[in-house]
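Student: Sequence plus the predicted model coming up.
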Amino acid sequence: MEFSLQHLTDVESELTKTLNQVLKAGKVRSVSELNHTALMKLGKDSLVSFVEDLSKLIVKSKDVCKSAACKIDQMKSEALESSRKLVDLQEKKLNSVQETVKTELSSWASVAAKNTQSSNVPVKSVQKAVKTVIEEDLRSKNFIIFGADDPKEDKDTDPTAAVEDILDEIGYMPPSLSVTRIGPWKAGSNRPINAR
């Protein structure tokens, strides 16, 4: 039997129906009231019929449980395989990035070495150029959010949650996020948010 929710629902429905019939025949309202005395009031034919129905339902339930267990095992195997594939892809991507970084660094280092050999560039100007490039790179990853609600009372509230909500709304979430409000707090106005 191939597992399906319909099979599970059918078995549950049949069990409930048969149990309600037993309760009704025993003239009780719940299983906790169903005892030896209540069952003894039933006729032999009724008891045999209920036992027969319940036995068939037990077998059916057992089959549904087995097929559900097989389906769960299959889904676990598929999930593990998907996880393995994801890890393999991530490793390949990481290796590719590492190789690119090595290549680019060696290229940059050789260009820098050639340029510094051919001209006597002062160390301070190289440091300043590198610092400028790093600052420009950092600034290029910044963005400003205007119009996000500023707290009405607590001016020191961290705006990270508000920015995460906005980014989640547009479907973008950077790997790391640093968030600060720009400018002094004023009642009734919304300060821009600098996010990087």
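Tutor: Thanks, I have the structure now. Quick caveat: nothing in here was measured; it's all calculated off a predicted structure.

Student: ranges for the strands of the protein?
Tutor: 143-145, 179-181, 193-195 (DSSP state E).

Student: Out of these, flag the one nearest residue 38.
Tutor: strand 179-181 (67.1 Å; CB to CB). Every residue, glycine included, has its C-beta placed from N, CA and C.

Student: buried stuff in the closest one?
Tutor: 179, 181 (16 or more other CB atoms under 10 Å).

Student: Point out where this protein drops to low pLDDT.
Tutor: For the chain, the stretches flagged by pLDDT under 70 are 1, 108-109, 112-121, 154-156.

Student: got the strands of the chain as CSV, with distance to residue 73 columns?
Tutor: Listed next are the strands of the chain as CSV, based on distance: least, CB to CB, whole Å:
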stretch, distance to residue 73
strand 143-145, 47
strand 179-181, 45
strand 193-195, 45
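
Student: what about residue 162, neighbour count?
Tutor: 18 (other CB atoms under 10 Å).

Student: out of the strands of the chain, nearest to residue 47?
Tutor: Smallest distance to residue 47 across the strands of the chain (CB to CB): 71.2 Å, for strand 179-181.

Student: What strands line up against that closest one, and which way round?
Tutor: Within its sheet, and counting by DSSP bridges, strand 179-181 is paired with strand 193-195 (antiparallel).

Student: From residue 125, how far out is residue 170?
Tutor: 41 Å (CB to CB, to the nearest Å).

Student: again, but for residue 82
Tutor: 52 Å.

Student: biggest helix in this protein by residues?
Tutor: Ranked by number of residues, the top helix in the chain under DSSP state H is helix 44-118.

Student: For that helix, name the packing helices and strands.
Tutor: helix 5-25 (3 or more CB pairs under 8 Å, 6 or more residues apart in numbering; DSSP states H and E).

Student: same for the helix it packs on, what does it pack against?
Tutor: Short answer (3+ CB pairs under 8 Å, 6+ apart): helix 5-25 packs on helix 44-118.

Student: what angle do the helix it packs on and helix 5-25 make?
Tutor: Using axes from the mean of the first three to the mean of the last three CA atoms, to 10 degrees, the inter-axis angle of helix 44-118 relative to helix 5-25 is 150 degrees.

Student: Distance from the chain centre to helix 44-118, please.
Tutor: 13 Å (CA atoms, centre = their mean, to the nearest Å).
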